[in-house]
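A.B. asks: need coordinates for the below:
(chains A and B)
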Amino acid sequence: MGKYKRTHMCGQLGLANVGEAVSVTGWVQRTRDLGGLIFIQLRDRSGIVQAVVNKDVTEELFELAGKVRGEYVLAVSGEVIKRAESAINPKMSTGYIELAVKELEVISKAETPPIYIEDDLNASETLRLKYRYLDLRRPVMQKVFITRHKVAKVVRDFMDENGFLEVETPMLTKTTPEGARDYLVPSRVQPGNFFALPQSPQLFKQILMVSGFDKYFQIVKCFRDEDLRADRQPEFTQIDLEMSFVDKEDVMELNERLLQRVFKEVLDYDIQLPVPKMTYKEAMERYGSDKPDTRFGLELKDIGDIVKTSEFKVFADTIANGGLIKAINAEGCSDKLSRKEIDSLGEFVKTYRAKGLAWINLSAEGVKSPIAKFLKEEELNAIIDRVGGKTGDIIFIVADSPKVAYDSLGQLRLELARRLELIDKSKYNLLWVTEFPLLDYDEEENRYVAMHHPFTSPMDEDIQLLDTDPKSVRAKAYDIVLNGYELGGGSIRIHNSELQEKMFGLLGFSKEQAWGKFGFLLEAFKYGTPPHGGLAFGLDRIIMLLTGTDNIKDVVAFPKTQTASCLMTNAPSPADEKQLNELNIKTTV
RNA sequence: GGCCCAGUAGUUCAGUUGGUUAGAAUGCCAGCCUGUCACGCUGGAGGUCGACGGUUCGAGCCCGUUCUGGGUCGCCA
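C.D. replies: Numbers count the residues shown, from 1 in each chain, chains lettered A, B, ... in the order given. Have a look, this model is predicted:
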């Protein structure tokens, strides 16, 4: 740095400093040259302060100040002076004072930046990502990463106070079957062999329980080579934890206290404990989602029993084929949604594979519905009665396979809430979703797959059903949901080898296959395994919720685009011939 | 892999039915200006209309392909 040692941060200066000689450093936000008087707004992480250069000080200083441009890095020394009454700017936190410059050093010049360093910029995301270092200078972005730092600190403090140890697990690990695609890393010293970057530290943390660490946590990067979304990055951060000698209530109790602490210290928001619990079954039936947003109503109602013998074939056939008929009553929407908008909602549910969206408009002029003519009057009345319909409401109905009916109406529920602005944005509704199914049937592979992962324990009262009715077995698994976002999930794991083998059997693995895939874990389990369970939070999603963005790129310092590339570094890029030869790799593109 | 949207000065955008020299705002450069804080005034520079191909007397505009970015479904145990 230059000859002037910094004494204060820009944003800290105020009336208390009036009369002091200070030195500040930072980037030039803006200059205003009035001819005989030059104002320079200087910005650092703490805020912006106005420096003023008067022609009367020295000619050299004034000439130098006139050459200063935006984003130059300066060191400025002078006296803090109180602004005249008429010159006060109440919009700036430092607007009651200014710095009368005595000395000025241009530490570094800057080219004209391609994006403005301002909070309300509307530059394209492409440019922001290419010039991420400039984008990150914006105060809103700096605030996000201050929040992110705070959350990580609160988590570490809390975990430490509760007896947890942070242990690092490897980034170069073994590729795991089932689950997402792995990012692979070639081994040079073992030609033809590959490491995988971890999708999660799952198996290592379970082994740490075998090792007697008792309570483990880690704030850790995880990698999944799947297609991106607005809320999904190929590398992301988990708050990962595991505990020994606990049942699911212990894990849930600890984690809701953790979240309570984070919300208190970061947002000064009070979360009431205990967090409400809802079974998976109830969540699906009432909200069509395993991560329901409970800040508003619009709940789903089942009308299958009313229309299962209906002459309307669409409904009767759906029930006969094991499907569901679900309805939402959009209260008071009759005069809020035009016919065109209703049709667009029909297109909307098709995104989720629904074949169609039936509706009954209970308008003031009478019942309008394309399906009314197929229904008997008592069927129509029973439907209206079931959903509590009254004049002015519109009832939306989907008849489809259970998955499609839940999915499409669950999403329609969210879409209606957005369009009708039913969501109270000041609320943070936490919810535990529990009793997830242990298994999910994969139609393509014609076998059961683990809904959570193969080491998730079934509920004690359902173990007997493993032989007779695997599909209805519930797991000791739990997700924590906030405003419709899955913040984290976990489970109690299997620590009994007979049960574990039965589980592998259900998943269609032979003993040999299971040992081939997970041998190191099964081997470890032979040497004394405590009952254990844990949970992992998506840190990025927590930060999104805390900072009020729905774009994960806003909470990651150097994020990837939809094609998983970094616009700043241009990664990924081709490797040169020498590197590939050393790794014994040939590419075919 | 499917569907949808966008790409024009440094930046954000406009650009009519396909028609002469592609505009605005802002930023940038220069000059003037001692209380600005979105400073003001005057002047100036700044364009491979994402790329390639086609239709046409003529394409920013129409057609095809492709690239890049965004959203989403599948996918993400």
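
A.B. asks: can we go C-alpha only for contacts and neighbour counts from here?
C.D. replies: OK.

A.B. asks: show me the contacts for residue A:483.
C.D. replies: A:292, A:293, A:294, A:295, A:428, A:429, A:430 (C-alpha atoms under 8 Å, 6 or more residues apart in numbering).

A.B. asks: also residue A:175?
C.D. replies: For residue A:175, the contacting residues are A:182, A:184, A:194, A:195, A:196, A:197, A:198, by C-alpha under 8 Å, 6+ apart.

A.B. asks: how about the strands of the stretch 201-350 of chain A, start to end?
C.D. replies: In the stretch 201-350 of chain A, the strands defined using DSSP state E, counting those that start in this stretch lie at A:215-223, A:235-244, A:277-279, A:300-302, A:324-330.

A.B. asks: and the stretch 401-550 of chain A, by the same measure?
C.D. replies: Under DSSP E, counting those that start in this stretch, the stretch 401-550 of chain A gives strands at A:430-434, A:439-442, A:447-450, A:477-482, A:485-492, A:532-538.

A.B. asks: contacts for the third one, please.
C.D. replies: Just to be clear, that refers to strand A:447-450. A:438, A:439, A:440, A:441, A:442, A:506, A:507, A:508.

A.B. asks: what distance do you get for the closest residue to residue A:504 other than its chain neighbours to RNA strand B?
C.D. replies: Once flanking residues are discounted, residue A:504 sits nearest to residue A:514: 6.7 Å by C-alpha to C-alpha, 6 or more residues apart in numbering. In this view, residue A:514 and RNA strand B are 13 Å apart by C-alpha to the nearest atom of the strand, to the nearest Å.

A.B. asks: pretty sure residue A:514 sits against residue A:506.
C.D. replies: No - look at residue A:514 against residue A:506 with C-alpha atoms under 8 Å: they stay out of range, at 11.5 Å.

A.B. asks: now do the residue in the stretch 301-450 of chain A that RNA strand B sits nearest to against residue A:428, distance only.
C.D. replies: Taking C-alpha to the nearest atom of the strand, RNA strand B has its nearest neighbour within the stretch 301-450 of chain A at residue A:450, 4.8 Å off. For residue A:450, the distance to residue A:428 (C-alpha to C-alpha, to the nearest Å) stands at 31 Å.

A.B. asks: again, but for residue A:514
C.D. replies: Residue A:514 sits 42 Å away from residue A:428, going by C-alpha to C-alpha.

A.B. asks: over to residue A:164?
C.D. replies: Residue A:164 is 27 Å from residue A:428, by C-alpha to C-alpha.

A.B. asks: try residue A:502
C.D. replies: Taken as C-alpha to C-alpha, the span from residue A:502 to residue A:428 is 40 Å.

A.B. asks: say whether RNA strand B is contacted by stretch A:556-563.
C.D. replies: Yes - counting by C-alpha under 7 Å from any atom of the strand, contacts between stretch A:556-563 and RNA strand B involve A:560, A:561, A:562, A:563.

A.B. asks: show the buried residues in these.
C.D. replies: A:560, A:561 (16 or more other C-alpha atoms under 10 Å).

A.B. asks: got the angle for the top helix by length along chain A vs strand A:235-244?
C.D. replies: Identified as the longest helix of chain A according to DSSP state H is helix A:139-161. Interaxial angle of helix A:139-161 relative to strand A:235-244 (axes from the mean of the first three to the mean of the last three C-alpha atoms, to 10 degrees): 20 degrees.

A.B. asks: could you count how many residues lie near residue A:457?
C.D. replies: A total of 24 residues lie near residue A:457 under the criterion other C-alpha atoms under 10 Å.

A.B. asks: pLDDT weak spots in the stretch 1-150 of chain A?
C.D. replies: A:1-3 (pLDDT under 70).

A.B. asks: enumerate the residues of it near RNA strand B.
C.D. replies: Proximity of the stretch 1-150 of chain A to RNA strand B (C-alpha under 7 Å from any atom of the strand) is limited to residues A:30, A:32-37, A:39, A:50, A:52, A:54-56, A:69-70, A:83-84, A:86-89, A:95, A:98, A:112-115, A:122-127.

A.B. asks: coming back round to it: can I get the contacts of residue A:175 in CSV with neighbour count, distance to RNA strand B and secondary structure?
C.D. replies: Listed next are the contacts of residue A:175 as CSV, based on neighbours: other C-alpha atoms under 10 Å; distance: C-alpha to the nearest atom of the strand, whole Å; DSSP: H, G, I helix; E, B strand; the rest coil:
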residue, neighbour count, distance to RNA strand B, secondary structure
A:182, 19, 10, coil
A:184, 17, 15, strand
A:194, 17, 19, strand
A:195, 16, 16, strand
A:196, 18, 13, strand
A:197, 24, 12, coil
A:198, 25, 9, coil
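
A.B. asks: now the residues you listed in CSV, with pLDDT and distance to residue A:145?
C.D. replies: Compiled in CSV, the contacts of residue A:175 are given as follows (pLDDT from 0 to 100; distance: C-alpha to C-alpha, whole Å):
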residue, pLDDT, distance to residue A:145
A:182, 95, 28
A:184, 95, 29
A:194, 95, 34
A:195, 96, 31
A:196, 95, 29
A:197, 96, 25
A:198, 96, 24
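
A.B. asks: and these, which two are furthest apart?
C.D. replies: A:194 and A:198 (12.6 Å; C-alpha to C-alpha).

A.B. asks: anything in contact with each of the two?
C.D. replies: In contact with both residue A:194 and residue A:198: A:174, A:175, using C-alpha under 8 Å, 6+ apart.

A.B. asks: where does chain A dip in pLDDT?
C.D. replies: A:1-3.

A.B. asks: if we can go back for a sec, how far away is the residue nearest to residue A:504 from residue A:523?
C.D. replies: 11 Å.

A.B. asks: between those two, who's got more neighbours?
C.D. replies: residue A:514 (17 against 10).

A.B. asks: how many neighbours does the residue lying closest to residue A:81 once chain neighbours are set aside have?
C.D. replies: Spatially, and ignoring its direct neighbours in sequence, residue A:81 is nearest to residue A:18 (5.1 Å; C-alpha to C-alpha, 6+ apart). Residue A:18: 18 surrounding residues under other C-alpha under 10 Å.

A.B. asks: and for residue A:75?
C.D. replies: Residue A:75 has 23 nearby residues by other C-alpha under 10 Å.

A.B. asks: which residues of the stretch 301-450 of chain A lie near RNA strand B?
C.D. replies: When proximity is defined as C-alpha under 7 Å from any atom of the strand, the stretch 301-450 of chain A approaches RNA strand B at A:351, A:352, A:353, A:449, A:450.

A.B. asks: would you map out the domains in chain A?
C.D. replies: A:10-108, A:142-278+A:431-556, A:296-423 (automatic domain parsing).

A.B. asks: distance from stretch A:429-447 to the middle of the chain?
C.D. replies: Using C-alpha atoms, centre = their mean, to the nearest Å, the mean C-alpha position of stretch A:429-447 is found 20 Å from that of the whole chain.

A.B. asks: how about that stretch: buried residues?
C.D. replies: By 16+ other C-alpha under 10 Å, the buried positions in stretch A:429-447 come out as A:429, A:430, A:431, A:432, A:433, A:434, A:435, A:436, A:437, A:438, A:439, A:440.

A.B. asks: reformat these as CSV; add distance to residue A:303.
C.D. replies: Formatted as CSV, those follow (distance: C-alpha to C-alpha, whole Å):
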residue, distance to residue A:303
A:429, 28
A:430, 29
A:431, 27
A:432, 27
A:433, 24
A:434, 25
A:435, 25
A:436, 24
A:437, 24
A:438, 28
A:439, 27
A:440, 25
